[in-house]
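# Would you be able to build a 3D model of this:
(one chain, ligands or ions: 2)
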Amino acid sequence: MLYRAGRMRVFIGLGGNLGDPRGTFASAAAQLRRIGLVARASSLYRTAPRDMVDQEPFLNAAVELETELEPRDLLEELKRLELMLGRNPDGIRFGPRTIDLDILSLDGRCVEDLDVRLIVPHPRLVERRFALEPLAELAPGLRPWRNCADVRRDVTVLDLLPSVADQDVQRVEGPEWADPASADWAGPISRIH
Ligand code: ADP
Ligand code: MG
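Numbers count the residues shown, from 1 in each chain. Ligands and ions are numbered 1, 2, ... in the order given. The predicted structure is shown next:
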């Protein structure tokens, strides 16, 4: 895939609570490097499950990716990656999963592409501390609705945090999980390096 840096700055949220989420996140970061530039990664957070509470705690993180892909192509890549990294496509909604990859924010743009079921900023971003906290670590002043006809145009990620402060989210490790050397398996191309 052809790639030139810098066209779109995307924030991707990672989550998982099955198997070895840290290792899976490392593999995801390695794979994301094949579709763009992973500019930064957040710390790792241990977070209480929401929506379906009777399951193991999750690990969550976020990465900043610079990519040339169009939003719907990026979503397709993320879904492909989820499957490749062991996600059960028939798993229960909000239930245990090896990895969930969500497009949290796309350069302050709003997307509603109903053909492929894509909404950006992610529709549940504002109610999830597990997504907001890693995002705030990378870009506290980010305004996810900046370029939209939306009353939230001036709202920053930092502004959103107080309303989710009651949710249990703990930082457990720095961003080393995303170092290229952390991935056990990065696929045939990356393995050459
Ligand atoms: P969640 O991410 O809320 O835990 P799922 O991972 O099961 O739930 O996602 C369900 C669907 O949400 C996906 O099939 C995808 O088409 C859709 N979706 C809508 N907007 C987004 C987005 N911004 N990022 C990722 N998926 C999205
Ligand atoms: Mg998802």
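# got a list of what the closest residue to residue 174 other than its chain neighbours touches?
Closest residue in space to residue 174, ignoring its immediate chain neighbours: residue 43 at 5.2 Å, by CB to CB, 6 or more residues apart in numbering. To be clear about C-beta, it is placed using only N, CA and C from the backbone, and glycine gets the same treatment. Neighbouring residues of residue 43 by CB atoms under 8 Å, 6 or more residues apart in numbering: 61, 134, 137, 171, 172, 173, 174, 175.
# Quick check: the closest residue to residue 37 other than its chain neighbours vs residue 136, distance?
Distance criterion CB to CB, 6+ apart; nearest residue to residue 37, sequence neighbours excluded, is residue 66 at 4.4 Å. Distance of residue 66 to residue 136, computed by CB to CB, to the nearest Å: 20 Å.
# The two: who's more crowded?
Applying other CB atoms under 10 Å to residue 66 and residue 136 shows that residue 136 carries more neighbours, namely 20 against 17.
# Would you mind giving the secondary structure of the more buried one?
helix (DSSP: H, G, I helix; E, B strand; the rest coil).
# Next up, phi/psi of the residue lying closest to it once chain neighbours are set aside, please.
Closest residue in space to residue 136, ignoring its immediate chain neighbours: residue 157 at 4.8 Å, by CB to CB, 6+ apart. For residue 157, the backbone dihedrals (degrees, to the nearest 10) come out as phi -60, psi -40.
# what bits of the protein have low per-residue confidence?
Residues of the chain meeting the criterion pLDDT under 70: 1-6, 184-193.
# Tell me where it has strands.
Applying DSSP state E to the chain gives strands spanning 8-16, 37-41, 44-47, 58-67, 100-106, 111-113, 118-120, 169-173.
# Say whether ligand 1 is contacted by the fifth one.
Yes: for strand 100-106 and ligand 1, the contact criterion (CB under 6 Å from any ligand atom) is met by 100, 102, 103.
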